[in-house]
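Q: Predicted model and sequence below, questions to follow.
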Amino acid sequence: MNRLVLLVLLLANAPVSAGAQGLPVPGDFYLISRNADGEFLGSHKIFNRSSDGLRLVTYCNREYWVRPFTVAWTQLEVENNREVRVEFNRSKGWRPICEQPEEQVTLKDLGIDLAPGEVTDDIAQPENLASRFSAIGSAFRK
């Protein structure tokens with residue numbers, strides 16, 4: 001399988017995050033993970049309005065709509081000694097607007113009684129991705 005097809009398959013099956021939703025635009029809000037040096041590691045967009053699959057949460061006295069997967073991701077990032085904050089895209093960079101979101105919203109707050117890793121396992125398991133790639137690859141061959 002050539003590299004371009006593999007890249008397309010990876011992107012099609014990736015969890016929804018900043019990269020999977022297109023480029024951030026001014027006014028967007030994201031949960032952003034950074035290492036101890038402040039280097040960007042990953043992000044998940046959070047929304048100002050409701051849509052299918054989103055849950056209403058409050059970070060620093062402001063309401064947002066998020067996916068349960070995003071809350072699980074946030075908890076896992078912190079467990080891995082990464083700093084997560086709500087940040088605002090102001091077009092000339094990112095402005096942190098809320099510290100320690102993992103202490104403000106947990107899976108339990110969403111009524112989900114699973115460990116964060118259990119919520120993300122389906123996407124994170126390499127064998128599940130391999131099965132998906134195989135199925136998609138065979139569809140392309142037909």
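A: Structure's in. What do you need? Numbers count the residues shown, from 1 in each chain.

Q: Leaving out chain neighbours, which residue sits closest to residue 82?
A: What sits nearest to residue 82 in space, not counting adjacent residues and going by C-beta to C-beta, 6 or more residues apart in numbering, is residue 33, at 4.8 Å. Heads up, the C-betas are built off the backbone N, CA and C, glycines and all.

Q: so that neighbour is in which element?
A: Here residue 33 sits within strand 29-34, counting by DSSP states H and E.

Q: in this protein, which helix or strand is least confident?
A: Within the chain, no helix or strand scores below helix 3-13, which has a mean of 40 by mean pLDDT, DSSP states H and E.

Q: Neighbouring strands - and their directions - for the helix or strand following the strand holding residue 33?
A: Where DSSP H and E defines the elements, the next helix or strand beyond strand 29-34 is strand 40-46. For strand 40-46, the pairing partners within the sheet under DSSP bridges are strand 29-34 (antiparallel).

Q: Contacts for the partner strand next, please.
A: 18, 24, 40-48, 64, 66, 70, 73-74, 77, 82-89, 94, 97, 101 (C-beta atoms under 8 Å, 6 or more residues apart in numbering).

Q: Quick check on those: which are buried?
A: 18, 24, 42-46, 64, 66, 70, 73-74, 77, 82-89, 94, 101 (16 or more other C-beta atoms under 10 Å).

Q: where do the strands sit along the protein?
A: Taking DSSP state E, the strands of the chain run over residues 29-34, 40-46, 55-59, 62-66, 83-89, 94-99.

Q: Pipe those strands into a markdown table and attach mean pLDDT and distance to residue 116 per row.
A: Shown next, in a markdown table, are those (pLDDT from 0 to 100; distance: least, C-beta to C-beta, whole Å):
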| stretch | mean pLDDT | distance to residue 116 |
| --- | --- | --- |
| strand 29-34 | 96 | 13 |
| strand 40-46 | 95 | 13 |
| strand 55-59 | 97 | 15 |
| strand 62-66 | 97 | 14 |
| strand 83-89 | 95 | 12 |
| strand 94-99 | 94 | 19 |
